[in-house]
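Student: Would you be able to build a 3D model of this:
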Amino acid sequence: MKFSLTFFLSSLLLFMVSCTSIPNQNKNNLNINLAIKTSNKNKELIIESLFESNIEFTVSFDELGSYELPDNLINSEMKYFCNSLLQDERNLIESSVFKSNQTENVLVVYSPQYVNYVKNLKEEYPNELFLSVDNSNYEEKTKEILNVISSLNRFSIVNKIDKSIKIEHEPRVRKDISKIYFVTNYELGKTLVPTFRSLSLNIDLYSTSEIFYDASDLKKLADFEDSFIPVSNKYINKISAKDASNIKIKIEKILIEDFLTIENVFQNNLYAKNYELNTSNAKIKRSNCVKRDLYLWKVSTNNIISQT
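Tutor: Residues are numbered from 1 along each chain as shown. As a prediction, the model looks like this:
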């Protein structure tokens with residue numbers, strides 16, 4: 001069910017003034033009380049999620065001393081969690097890509113907007129390869145870093161010797177790169193990843209979910225075929241719903257749902273069980289922050305079709 005922000009805030013004002021909770025028809029004797037300061041976008045997500053839940057609730061957005069929920073949900077350390085979702089994803093990829101035993105190089109391909117994050121990677125992993133690209137130069141730089149240009153030049157020289165002979169040629173790609181980590185947005189990534197994949201079939205490709213934030217739906221992930229992305233099956237299933245303008249909004253919604261699930265555990269003393277959050281399985285303990293247990297999901301056309 002989709003509500004407008006005006007409807008949400010009007011409804012919210014009504015029950016705040018009356019100082020009553022909003023009962024859900026499926027009562028389970030659970031209730032939560034929330035006092036949060038946040039953006040209008042997040043207020044809408046919170047109210048929508050609460051209406052969809054099986055919990056009675058009261059919520060206030062203007063109390064002094066309220067928890068301040070950042071507007072940027074994906075890259076913020078939300079209450080109860082050890083890290084932001086984006087940081088957890090980056091931690092898993094860095095562990096899988098850089099810290100596993102290997103004798104070959106890792107190539108990090110990034111766009112200028114991520115220069116600060118990549119600067120940290122360069123300091124921590126100075127022996128790896130780094131390539132900055134944008135929409136105007138990615139094809140040329142891709143061929144250059146993979147040594148495809150040298151291979152094509154050699155073929156051109158050989159072919160000129162006798163043009164009457166047809167020579168089939170497949171460019172040779174350098175063999176010292178085993179993994180490529182893409183740090184870019186969707187606009188560049190949707191053409192960049194297929195370009196690398198077409199030239200380097202035996203190299204593992206990695207990215208955080210950030211690379212498809214601006215995609216309109218899950219089917220667009222076909223551009224990232226065979227890439228490894230740190231998401232859960234439930235996460236993918238959630239973002240497959242056709243109820244938002246882009247995937248980023250859907251991810252923010254599932255983060256709000258996870259936050260409310262943990263808030264419910266704390267307020268109703270439900271620590272005894274493991275919970276399957278949208279973003280991972282988690283053991284929720286009163287004295288510890290919640291650690292997301294992520295794993296790498298390989299993008300494939302079959303997986304996408306099964307989810308959609």
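Student: shaky segments in the stretch 101-250 of the chain?
Tutor: Within the stretch 101-250 of the chain, the stretches with pLDDT under 70 are 101-102, 148-173, 242-244.
Student: need the strands for it, in chain order.
Tutor: Counting by DSSP state E, counting those that start in this stretch, one finds strands in the stretch 101-250 of the chain at the ranges 105-110, 129-132, 177-183, 204-207, 227-230.
Student: wait, which of these is closest to Asp214?
Tutor: When the strands of the stretch 101-250 of the chain are compared by C-beta to C-beta, strand 204-207 sits nearest Asp214, at 13.5 Å. For the C-beta atoms, the positions are set from N, CA and C on the backbone; glycine is no exception.
Student: name the helices or strands packed onto that closest one?
Tutor: Other elements packing on strand 204-207 under the criterion 3 or more C-beta pairs under 8 Å, 6 or more residues apart in numbering; DSSP states H and E are helix 85-97, strand 177-183, helix 186-199, strand 227-230.
Student: strands paired with the second one, and their directions?
Tutor: Yep, that's strand 177-183 we're talking about. According to DSSP bridges, strand 177-183 has the following sheet partners: strand 105-110 (parallel), strand 204-207 (parallel).
Student: what's the distance between that strand and the middle of its chain?
Tutor: 17 Å (C-alpha atoms, centre = their mean, to the nearest Å).
Student: next one: the shortest one
Tutor: With C-alpha atoms, centre = their mean as the basis, strand 227-230 stands 9 Å off its chain's centre.
Student: The longest one now?
Tutor: Mean C-alpha position of helix 186-199 versus that of the full chain (C-alpha atoms, centre = their mean) differs by 17 Å.
Student: What is it packed up against?
Tutor: With 3+ C-beta pairs under 8 Å, 6+ apart as the test, helix 186-199 has helix 138-145, strand 177-183, strand 204-207 packed against it.
Student: Over to the first one?
Tutor: Packing contacts for helix 85-97, counted by 3+ C-beta pairs under 8 Å, 6+ apart, involve strand 177-183, strand 204-207, strand 227-230, strand 296-298.
Student: buried sites along that helix?
Tutor: Leu85, Leu86, Gln87, Asp88, Glu89, Arg90, Leu92, Ile93, Glu94, Ser96, Val97 (16 or more other C-beta atoms under 10 Å).
Student: what mean pLDDT does that helix have?
Tutor: For helix 85-97, mean pLDDT rounds to 95.
Student: contacting residues around that helix?
Tutor: Helix 85-97 is contacted from outside by 73-75, 77, 82-83, 106, 117, 121, 179, 181, 206-210, 228-231, 251, 255, 279, 292, 294-296, using C-beta atoms under 8 Å, 6 or more residues apart in numbering.
Student: any idea how far the closest residue to Tyr186 other than its chain neighbours lies from Asn274?
Tutor: Excluding the flanking residues, the one nearest Tyr186 by C-beta to C-beta, 6 or more residues apart in numbering is Asp214, at 4.0 Å. Remark: distance between Asp214 and Asn274 (C-beta to C-beta, to the nearest Å) = 33 Å.
Student: out of those two, which sits in the more crowded spot?
Tutor: For Asp214 versus Asn274, the count of surrounding residues by other C-beta atoms under 10 Å is larger for Asp214: 16 against 9.
Student: So what's the residue count around Asn233?
Tutor: Residues near Asn233, counting by other C-beta under 10 Å: 12.
Student: I'd say it and Leu294 touch.
Tutor: No: assessed by C-beta atoms under 8 Å, Asn233 is found out of contact with Leu294, at 11.7 Å.
Student: Please name the residues that touch the residue nearest to Tyr186.
Tutor: Asp214 neighbours (C-beta under 8 Å, 6+ apart): Asn185, Tyr186, Glu187, Asn246, Ile247, Lys248.
Student: Just the buried subset of those residues, please.
Tutor: Asn185, Tyr186, Asn246, Ile247, Lys248.
Student: how about those in TSV, adding distance to Val193?
Tutor: Listed next are the buried ones among the contacts of Asp214 as TSV, based on distance: C-beta to C-beta, whole Å:
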residue	distance to Val193
Asn185	12
Tyr186	10
Asn246	18
Ile247	16
Lys248	18
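Student: Sort out which one of these lies nearest Asn302 for me.
Tutor: Ile247 (19.4 Å).
Student: need the contact list for the closest one.
Tutor: Ser209, Phe212, Tyr213, Asp214, Ala215, Ser216, Asp217, Leu218, Ile239.
Student: I'd assumed Glu263 was in contact with Ile32.
Tutor: Yes: with contact defined as C-beta under 8 Å, Ile32 counts as touching Glu263 (5.5 Å).
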